[in-house]
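Asker: Any chance you can model this:
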Amino acid sequence: MTRIPFSALLGIAATALFFLSAIFADLIAPYGMAEIVGGVWEPMSAKHWLGTDAIGRDLLSRIIFGGRTTIYVATMATILSFTLGSVLGFTAATIGGWVDQLLSRGVDLLMAIPSLILALVVLSVMPVTLTMLILVMGILDSTRVFRLSRAVAVDIAVMDFVEAARLRGEGTRWIIFREILPNALSPLVAELGLRFIFAVLFISTLSFLGLGVQPPLADWGGIVKENKEGLVYGVAAALVPAITIAVLAISVNLVADWVLNRTTSLKGGRGG
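Answerer: Numbering: from 1, shown residues only. Below is the predicted model of the structure:
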């Protein structure tokens, strides 16, 4: 049995802690998400472990509930981007011809516009709901997944086991999901961690700019925005969610690096 390195164990433990905190936020948060329990920017104490925010809400509770919203939106957007991007990328590489050209040029067009600017334009004219945020982030991020999956699939599609599947008369769906996908997991898994962290940063940026998660819901970017004025007075409330984002990013990347090291060799697909 392969021994899991300490860095990977640390990453798995930290990532699991974040996700469990998000799932059980209602049970572990000491106060309600919007409950005012003290004065403005109270320091850390036994009653408020991270102090209070700009209007007297418990900062630890806000971080826990904010993590639930941030992780949920980022996870769903990542799932959408990988489902859409990988399927379209594999399809373009497998079919080729005008299908490849049409999909590739459409992705190039979307990638020519900065994602943040395009997201701000769309969200400024559309209702800002969690569903809309997930759709916008997932579709924009799927362009990066498309480029990666297509590049990987192009190399796999010319291998002998894929040609053998074609000669057996297997259809495009079989070739994509039974031949190409299992052999493309290594780079896709590594990209999965990066895309998830990008989604966390993206939703936090949108919320900081006022077009992300809307009150009364909390998310880490919104918490930074709510408490940024405190930095002028030496209050570190705005730094807590920023540090939380950094810790999550490091932990997820540690896991992704370990998984990538375990799956670096490209294995031949199975016929039949």
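
Asker: and residue 243, what helix or strand is that in?
Answerer: Assigned by DSSP states H and E, residue 243 falls within helix 239-262.

Asker: Can you tell me which helices and strands that helix packs against?
Answerer: On a contact count with 3 or more C-beta pairs under 8 Å, 6 or more residues apart in numbering; DSSP states H and E, helix 239-262 meets helix 6-23, helix 59-95, helix 185-208, helix 220-227. Placement of C-beta: from N, CA and C, glycine included.

Asker: ok, residues contacting that helix?
Answerer: Under the criterion C-beta atoms under 8 Å, 6 or more residues apart in numbering, residues 2, 4-5, 7-8, 10-15, 18, 50, 59, 63, 66-67, 186-187, 189-190, 192-194, 196-197, 200-201, 204, 220-221, 223-224, 231 lie in contact with helix 239-262.

Asker: Tell me the gap between stretch 148-163 and the middle of its chain.
Answerer: Computed by C-alpha atoms, centre = their mean, to the nearest Å, the separation of stretch 148-163 from the middle of its chain amounts to 26 Å.

Asker: contacting residues for the residue lying closest to residue 77 once chain neighbours are set aside?
Answerer: Leaving out its chain neighbours, the residue that sits closest to residue 77 by C-beta to C-beta, 6 or more residues apart in numbering is residue 137, at 3.8 Å. Taking C-beta under 8 Å, 6+ apart as the contact definition, residue 137 lies against 73, 74, 77, 80, 81, 119, 199, 202, 203.

Asker: where's residue 137 relative to residue 38, distance?
Answerer: 34 Å (C-beta to C-beta, to the nearest Å).

Asker: Residue 31 and residue 59 touch, don't they?
Answerer: No: in terms of C-beta atoms under 8 Å, residue 31 does not count as a neighbour of residue 59; the distance is 9.8 Å.

Asker: Who are the contact partners of the residue nearest the centre of the chain?
Answerer: The geometric centre of the chain, computed from its C-alpha atoms, lies nearest to residue 196 (C-alpha atoms, centre = their mean), at 2.0 Å. With contact set as C-beta under 8 Å, 6+ apart, residue 196 has these partners: 74, 75, 78, 252.

Asker: The nearest residue to residue 85 once chain neighbours are set aside and residue 97, how far apart?
Answerer: Leaving aside its chain neighbours, residue 85 sits nearest to residue 145 (2.8 Å; criterion: C-beta to C-beta, 6+ apart). Per C-beta to C-beta, residue 145 is found 22 Å from residue 97.

Asker: More neighbours: which of those two?
Answerer: The residue with more neighbours, out of residue 145 and residue 97 and counting by other C-beta atoms under 10 Å, is residue 145; that gives 26 against 8.

Asker: Would you mark the buried spots in whatever helix or strand that one lives in?
Answerer: With elements taken from DSSP H and E, the one containing residue 145 is helix 130-157. Within helix 130-157, the residues that qualify as buried by neighbour count (16 or more other C-beta atoms under 10 Å) are 130, 133-150, 152-154, 156-157.

Asker: Could you list the buried residues of stretch 182-192?
Answerer: 183, 184, 185, 186, 187, 188, 190, 191, 192.

Asker: Quick one: neighbours of residue 257, just the number.
Answerer: Other residues within reach of residue 257 by the criterion other C-beta under 10 Å amount to 16.

Asker: and the gap between it and residue 193?
Answerer: 8 Å.

Asker: Same check on residue 238?
Answerer: Using C-beta to C-beta, one obtains 26 Å as the distance from residue 238 to residue 193.

Asker: Compare the two and say which is more crowded by neighbours.
Answerer: The residue with the greater number of neighbours, taking residue 238 and residue 193 and applying other C-beta under 10 Å, is residue 193; the counts read 22 against 19.

Asker: Distance-wise, check the more buried one relative to residue 172.
Answerer: If you measure residue 193 against residue 172 using C-beta to C-beta, the figure is 29 Å.
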